[in-house]
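In: Here is the input, now give the coordinates:
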Amino acid sequence: MITFEDVLDVVSQLPVEQQEELIDIIKRRNAEVRRRQILEECREGLAEYRSGTLKPQTAEEVIADLRNYLESPEL
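Out: Numbering: from 1, shown residues only. Next up, the predicted model:
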């Protein structure tokens, strides 16, 4: 199994231009993964809303709920 340290050692042996290209590729891939995660979370939220699990709220209600959550001792 390749360790994180092994990967860093291999990358450090690449020319600077290739290291920069690798950084760009990883950033693009991470952005795409995050976009997919956000899309899935949106789909789940919409499904919950449509099923009646989530109810529409005003901004004031959302802020009050958030404050209650943040002030709860369970955090």
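
In: longest single helix anywhere in this protein?
Out: Looking across the chain with DSSP state H, the single longest helix is helix 16-51.

In: got the CA positions of the helix or strand that comes right after that one in CSV?
Out: Counting by DSSP states H and E, the element after helix 16-51 in chain order, helix or strand, is helix 59-71. Output of helix 59-71 as CSV, limited to C-alpha atoms (Å, rounded to 0.1, in the frame of the first residue of the first chain):
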residue,chain,number,x,y,z
ALA,A,59,-35.8,33.5,7.3
GLU,A,60,-36.6,34.6,10.9
GLU,A,61,-37.7,31.0,11.8
VAL,A,62,-34.5,29.5,10.3
ILE,A,63,-32.3,32.0,12.2
ALA,A,64,-34.2,31.3,15.5
ASP,A,65,-33.8,27.5,14.9
LEU,A,66,-30.1,27.9,14.2
ARG,A,67,-29.6,30.0,17.3
ASN,A,68,-31.4,27.4,19.4
TYR,A,69,-29.3,24.7,17.9
LEU,A,70,-26.0,26.6,18.5
GLU,A,71,-27.0,27.4,22.1
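
In: Show me how far helix 59-71 is from its chain's centre.
Out: 22 Å (C-alpha atoms, centre = their mean, to the nearest Å).
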